[in-house]
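**Student:** this one's sequence-less:
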Ligand SMILES: [Zn+2]
C-alpha cells in the first residue's frame, strides 16, 4: 500500500480531532439530559433475580432508545429479565451490505434487591450521582445512548459516492443477568461477538482516574467433596476415615498453587462437613474461588484440580467446576486501547489502563479471539456497595470517547 501524502494524513487527523471535540462539546451540553435519563434508569430497580422488576427496566431502556430513533429488538427470556438487542446500520435503506460489525455490550441488571432505593435513593451531591446500579452499570447505558444520538446526527444525509466502502453495523446489547454469571445471555452475546470486529464493554472504569480495563482475570469456582467413612470416634476410631482431615490436607496442598505475582489465586472460601463431634466425619466439602491472568495458567489450575488424588487411600475425592469466565488477556485490548488513548488525548482526557481482578462479559468475548476493550463505561466508584456513585463530569467525556471510537467505523461524516 502506498503511504498517504503527509498533507492528507495531517488533514485527516485534524478532521478527526475536530469531530471528537465537537462530539464532546455537544455531549457536555447534554449532561443535564443524561443525568435525567440516568435517574429514570436508576429509579427503575432491576435486580438480576427478579424478572418482573427487571422487565420493567428493560421496557424503560427500550423506550428511551426507541425515542432516540433506534431499532430495538427485545429478546424474550423465561426466568430472567428480557435482553435488548439494538441494531444500527446507518444508511441501511441505501445499502444492505455491511462490512462487519462492532458490538457495544453491557448489562442492566444490578446486585440490589427491590426496595434498596428506599435507603439508597438516587441523589446528586458534590459533582457525583449516587444510587443502586448507577455506576455498575446504568450510566454506561446512558453514555452509549447519548453517543448513539450524537453519532446519528453526524451521519451524512446523502448516499455515499460510488466506490465508497459500505459501513459497519453497530449492535448494542443490554443483557439482564451479568451479575449472576450471564447464564441466559452468554450464547447471545457470544454469537454477536463472533460476528464482530471489536467489542466495547460499558462496564465501569476503574478508580477516580477512570482507568480502562485492558486485562481481566479469569474467574471460576470449584467444589471438592471428600467421601470418608463414619465410625464412633470413641469406640471404633480405627474403622473411620475422616473426610475433614483429608479435606484439610488437600486444602493445604492447594494453597501452594497461589502465585499472586503471576495473578493466580485459589482460595477455599466455604468449607463444611461432619455431623457430630463423636462421629468421625464421612463427608466434607470445600468451595474454591479460582482466578488466573492467562489462559495457560487457567488451564494449568484446572488440570491440577482434576488430577487431585486422595492422600488417605481409603478416602474418595470428587471434583466439580472450573473457570466459567476465562481471562481477558491484554493482547486482546492493546490495539483498541492505543486508539482510545489517542482519541482521549485529542479530547484533553488523560486515559490509562489497569488489570481488573474480577471478570465481566468482556472475558467471554476476548476468549473468542475478538478485540475487546472493557471499562468503557462510567467513571466513579463503590460498585455493589451503599456508596456507589459516578462522577457527573465523566458522563459526557466517556460518551464522547465511545462515540469517537465508534465513529471510526461509520465514515463518511457529514461536513460540519
Ligand atoms: Zn457490571
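**Tutor:** Structure received. This is a predicted model, so every value here is computed, not measured.
**Student:** Only C-alpha atoms from now on, for both contacts and neighbour counts.
**Tutor:** OK.
**Student:** what kind of secondary structure is residue 196 in?
**Tutor:** Put simply, residue 196 is coil when judged by DSSP: H, G, I helix; E, B strand; the rest coil.
**Student:** what are the ranges of the strands in the stretch 151-300 of the chain?
**Tutor:** Secondary structure of the stretch 151-300 of the chain, counting by DSSP state E, counting those that start in this stretch: strands at 169-175, 198-201, 212-216, 218-227, 265-273, 283-292.
**Student:** what's the answer for the stretch 301-416 of the chain, then?
**Tutor:** 316-325, 353-356, 371-373, 380-381, 389-391.
**Student:** Who are the packing partners of the shortest one?
**Tutor:** Meaning strand 380-381. Judged by 3 or more C-alpha pairs under 8 Å, 6 or more residues apart in numbering; DSSP states H and E, strand 380-381 is in contact with strand 389-391.
**Student:** quick one: residue 141 and residue 202 touch, right?
**Tutor:** Yes. Residue 141 lies in contact with residue 202 (C-alpha atoms under 8 Å); the separation is 7.2 Å.
**Student:** which SSE is residue 118 in?
**Tutor:** Following DSSP states H and E, one finds residue 118 within helix 116-119.
**Student:** quick one: contacts for the residue lying farthest from the centre of the chain?
**Tutor:** What lies farthest from the middle of the chain is residue 235; by C-alpha atoms, centre = their mean that is 56.1 Å. Residue 235 sits next to no residue when contact means C-alpha atoms under 8 Å, 6 or more residues apart in numbering.
**Student:** And residue 204, by the same measure?
**Tutor:** By C-alpha under 8 Å, 6+ apart, residue 204 lies in contact with 135, 136, 137, 140, 375, 376, 377, 378, 379, 380.
**Student:** And stretch 286-305, how far out from the chain middle?
**Tutor:** Here the centre of stretch 286-305 is set off from its chain's centre by 20 Å, with C-alpha atoms, centre = their mean, to the nearest Å.
**Student:** Would you mind listing the buried residues in it?
**Tutor:** Buried positions in stretch 286-305, judged by neighbour count with 16 or more other C-alpha atoms under 10 Å: 286-295, 297-298, 301-302, 305.
**Student:** what do you get for stretch 191-203?
**Tutor:** Neighbour-count burial for stretch 191-203 flags 192, 193, 194, 196, 197, 198, 199, 200, 201, 202, 203 (criterion: 16+ other C-alpha under 10 Å).
**Student:** that older thread, pick the one among the buried residues of stretch 286-305 closest to residue 121.
**Tutor:** Within these, the smallest distance to residue 121 is 32.7 Å, found for residue 289 (C-alpha to C-alpha).
**Student:** in the sheet, who's paired with residue 292?
**Tutor:** Taking DSSP bridges as the rule, residue 292 bridges to residue 218.
**Student:** Please spell out the ChimeraX selection for the buried subset of the contacts of residue 204.
**Tutor:** Entered in ChimeraX, the line below selects the buried ones among the contacts of residue 204, by 16+ other C-alpha under 10 Å:
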select :135,136,137,140,375,376,377,378,379,380
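**Student:** about what we covered before: pipe the strands of the stretch 151-300 of the chain into JSON lines and attach mean pLDDT and distance to residue 310 per row.
**Tutor:** JSON lines is the format used below for those (pLDDT from 0 to 100; distance: least, C-alpha to C-alpha, whole Å):
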{"stretch": "strand 169-175", "mean pLDDT": "96", "distance to residue 310": "42"}
{"stretch": "strand 198-201", "mean pLDDT": "96", "distance to residue 310": "43"}
{"stretch": "strand 212-216", "mean pLDDT": "97", "distance to residue 310": "33"}
{"stretch": "strand 218-227", "mean pLDDT": "97", "distance to residue 310": "8"}
{"stretch": "strand 265-273", "mean pLDDT": "98", "distance to residue 310": "17"}
{"stretch": "strand 283-292", "mean pLDDT": "98", "distance to residue 310": "13"}
